[in-house]
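Visitor: Any chance you can model this:
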Amino acid sequence: MPRDVLVFLPPSPEPPRTEAPALVAMAARELAVPAERLGAVRLQRLSFDARPRHRCWRLALTVWFCDEAPPPPIRTVPPVLPRATPSAPHVVVVGSGPAGLFCALDCAAAGLRVTIVERGRDVRTRRRAIAAIHRGQAIDPDSNYCFGEGGAGTYSDGKLYTRAGRREEVRGVLEMLVAHGAPEDVLASWRPHVGSNRLPRVVTAIRETLCAAGVTVRFATRAEALVRDGNGIAGVAVRRLDDAQIERIACDALVLATGHSARDSLAMAARAGARLEPKGFALGLRIEHPQAWLDAQQYGGLRDACALPRAFYELATEVEGRGVYSFCMCPGGFIVPASTASDRVVVNGMSLRRRDSPFANAGIVVQLDPDDWCGVRGSAWGWERLVGPLPQRPGDDPLFGVRVQEALETLAARRGGGGNRAPAQRADAFVEGRGRTPPPLRASYRPGVVACDLAEVLVPGLTERLRRGVLAFAERLPGFAGSEGQLVAVETRTSSPVRIARDPETRASREVPGLYPCGEGAGYAGGIVSAALDGRRTAAALVARLAA
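Guide: Model (predicted):
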């Protein structure tokens, strides 16, 4: 049996060497055996422990001895998928994010005919729409940071960290990305990260693999209605956005993998008879600090002499019974405008592969459960100010969380004054309740920030929990709530507040046979890797049904 070995190395002017001979030498030393007895050593995880009493590199190795079966090889080239026959069952995948792409890959590998329908543009064309957003111009509601080839993660960092799935499942997703051009170090990194400058090339390569197998990929094509017959899904009505023409695409099954911002897809599914359920999600702000400040806090000056990654943090606490935590932390990154409409402001974070921005940012969000917006409990949070009367029970209004998101985003846009500018407040002024003074700090958010009392954007229940959460984090990172920090509003798209119900075994809607809700937008994932895993599991269910 292979053995797992942990190796600890002190900080040094050069990062740890991870080529095969160096790993073999480390493993042999830890196991106290001759290196000649080791058949293979694979690096499973490389991380830096920044805790003051530790501050060391941690290498998790798996070791195979010479008399054991060797490990399977790492996939380094894209797979060659078979071409489906004209009579093969036809699957339409709505959405080309990680859930849709990985579902399509596995369906095509099993010989099914696949058509991908994507409302946004290909990754190259998306760049122009995103550049316009940064200049304060109107947001294209169909092609932006959230919509388009590769999904929301393509231009908002490309983080591959997840707690979902077994190790071999996660590695299968990572190896597929590496085979299409992702850096091989994502296989072992503690916080695997492709970067928004490299992930578009990976997405393009995946599309080329699909197209080589005969998969049809249609951009600027928005799904507008699910077509039913007596047996369930019979097709989908789509609008070609370049000429506004409507057409129907027939299919044997439809995968709805539209992402967490495609709110119109929820209404489309409901009109077809699918059942919607409210689910928990998180709301809050994005905080930004100088990266040099964070490096000094985490490394105590070690980074000046040693090769260390940009410092990172992961913070969590509980305030009045609800979790407050950091989300999507971006060392050396930028805050970006992630709205899908010009009359709303949403912020997110991203980093390039080099992580060379002078800023570090993260979402600071409060976890909500459906009970938090109902009846007396909801009134205590102050939601009526945003959306009016509250439901008495979560099931009374499954789209209530969406309405809260939209109301906060609209208010943030008004406070920002237009041009995609975002309201902002210095961290010390926010936690002390000092209003809109002093003026905003320099920010990485390119459309610009406007001084604001963020308590006027949020509801009281959010404001109080965020203030106390930021102060609690300052106990772990002194200065976190100080004058060098800045909060920018609002971070609302952490995950979908709605789930499209599906059978846990078949992964299909019970109410609409042939409809397969999938990924973040359907409420079953949260991030690139977990969405890809959900896509693969959905594909397995489809193949079991259609390819038998």
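Visitor: Let me know whether Glu318 touches Val366 as I believe.
Guide: No: the criterion here is Cβ atoms under 8 Å, and Glu318 misses it with Val366 at 10.3 Å. (C-beta placed from N, C-alpha, C; glycine too.)
Visitor: show me what contacts Thr437?
Guide: Remark: with contacts taken as Cβ atoms under 8 Å, 6 or more residues apart in numbering, Thr437 is in contact with Ala429, Ala451.
Visitor: which residues does Ala35 contact?
Guide: Neighbours of Ala35 in contact, by Cβ under 8 Å, 6+ apart: Val24, Ala25, Ala28.
Visitor: Can you say which of the residues you listed are buried?
Guide: Taking 16 or more other Cβ atoms under 10 Å as the criterion, what is buried in those is Val24, Ala28.
Visitor: So which of the contacts of Ala35 belong to strands?
Guide: Using DSSP state E, no member of the contacts of Ala35 sits in strands.
Visitor: Closest to Thr162 out of the contacts of Ala35?
Guide: Val24 (29.4 Å; Cβ to Cβ).
Visitor: and the gap between that closest one and Glu68?
Guide: According to Cβ to Cβ, to the nearest Å, Val24 stands 15 Å off from Glu68.
Visitor: same deal with Val459?
Guide: For Val459, the distance to Glu68 - Cβ to Cβ - is 59 Å.
Visitor: quick one: which of these two has more around it?
Guide: Val459 (20 against 14; other Cβ atoms under 10 Å).
Visitor: Tell me if I'm right that Pro447 and Ile133 touch.
Guide: Yes: using Cβ under 8 Å, Pro447 is in contact with Ile133, at 7.2 Å.
Visitor: any common contacting residues for those two?
Guide: With Cβ under 8 Å, 6+ apart, Pro447 and Ile133 have common neighbours Pro337, Asn420.
Visitor: Check which helix or strand Ile249 maps to.
Guide: strand 245-250 (DSSP states H and E).
Visitor: buried stuff in that strand?
Guide: Neighbour-count burial for strand 245-250 [16+ other Cβ under 10 Å]: Ile249.
Visitor: Check stretch 173-191 too.
Guide: 173-183, 186-189.
Visitor: ok, and Val255, which helix or strand is that part of?
Guide: Element membership for Val255, per DSSP H and E: strand 253-256.
Visitor: Please apply the same query to Leu441.
Guide: Using DSSP H and E, Leu441 falls outside every helix and strand.
Visitor: Where does pLDDT dip in the stretch 1-150 of the chain?
Guide: Within the stretch 1-150 of the chain, not a single segment meets pLDDT under 70.
Visitor: can you pull out the strands in it?
Guide: Per DSSP state E, counting those that start in this stretch, the stretch 1-150 of the chain carries strands over the ranges 3-9, 38-49, 56-65, 90-94, 113-117.
Visitor: swap in the stretch 351-500 of the chain?
Guide: Under DSSP E, counting those that start in this stretch, the stretch 351-500 of the chain gives strands at 359-368, 422-426, 449-451, 486-491, 498-500.
Visitor: Using CSV, write out the CA atom coordinates for the longest one.
Guide: Provided in CSV are the C-alpha atoms of strand 359-368 (Å, rounded to 0.1, in the frame of the first residue of the first chain):
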residue,chain,number,x,y,z
PHE,A,359,-3.8,44.9,-2.8
ALA,A,360,-5.3,42.0,-1.0
ASN,A,361,-9.1,41.6,-0.9
ALA,A,362,-11.8,39.2,0.4
GLY,A,363,-15.5,39.1,0.8
ILE,A,364,-16.6,39.5,4.4
VAL,A,365,-20.1,37.9,4.5
VAL,A,366,-22.8,36.8,6.9
GLN,A,367,-24.4,33.4,6.5
LEU,A,368,-28.2,33.5,6.2
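Visitor: hang on, the earlier thing: buried set for the helix or strand just after the strand holding Val255?
Guide: Next along the chain after strand 253-256, taking DSSP H and E as the criterion, comes helix 263-271. The neighbour-count check on helix 263-271 (16+ other Cβ under 10 Å) flags Arg263, Ser265, Leu266, Met268, Ala269, Ala270 as buried.
Visitor: Same list (those) but as CSV, adding pLDDT and distance to Pro73.
Guide: Shown next, in CSV, are the buried residues of helix 263-271 (pLDDT from 0 to 100; distance: Cβ to Cβ, whole Å):
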residue, pLDDT, distance to Pro73
Arg263, 93, 43
Ser265, 96, 39
Leu266, 96, 42
Met268, 97, 43
Ala269, 97, 41
Ala270, 97, 46
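Visitor: what's the closest of those to Arg310?
Guide: So of those, ranked by how close each gets to Arg310 (Cβ to Cβ), first place is Arg263, at 34.3 Å.
Visitor: ok, that closest one - contacts?
Guide: By Cβ under 8 Å, 6+ apart, the contact list for Arg263 reads Val402, Glu406.
Visitor: ranges for the strands of the stretch 151-300 of the chain?
Guide: Using DSSP E, counting those that start in this stretch, strands in the stretch 151-300 of the chain cover 216-218, 221-229, 232-240, 245-250, 253-256, 276-278, 281-290.
Visitor: most tightly surrounded among the ones you listed?
Guide: Among those, strand 253-256 has the highest mean neighbour count (mean count of other Cβ atoms under 10 Å), at a mean of 30.
Visitor: List the contacts of the closest residue to Cys66 other than its chain neighbours.
Guide: In this structure, Cys66 finds its nearest non-sequential neighbour in Gly39, 4.3 Å apart by Cβ to Cβ, 6 or more residues apart in numbering. By Cβ under 8 Å, 6+ apart, Gly39 lies in contact with Trp64, Phe65, Cys66, Asp67, Glu68, Pro70.
Visitor: what do you get if the cut-off is 10 Å, keeping everything else the same?
Guide: By Cβ atoms under 10 Å, 6 or more residues apart in numbering, Gly39 lies in contact with Pro2, Val24, Val63, Trp64, Phe65, Cys66, Asp67, Glu68, Ala69, Pro70, Pro71.
Visitor: out of these, which are buried?
Guide: Looks like the contacts of Gly39 have Pro2, Val24, Val63, Trp64 buried, using 16+ other Cβ under 10 Å.
Visitor: and the angle from the longest helix along the chain to strand 90-94?
Guide: Scanning the chain for the helix with the most residues, using DSSP state H, yields helix 528-546. With axes from the mean of the first three to the mean of the last three Cα atoms, to 10 degrees defining the directions, helix 528-546 sits at 160 degrees from strand 90-94.
Visitor: which one of the strands of the stretch 1-150 of the chain is the most hemmed in?
Guide: Most buried among these, counting by mean count of other Cβ under 10 Å: strand 90-94, with a mean of 27.
Visitor: what lines up beside it in the sheet?
Guide: In the sheet, strand 90-94 lines up against strand 113-117 (parallel), strand 253-256 (parallel) (DSSP bridges).
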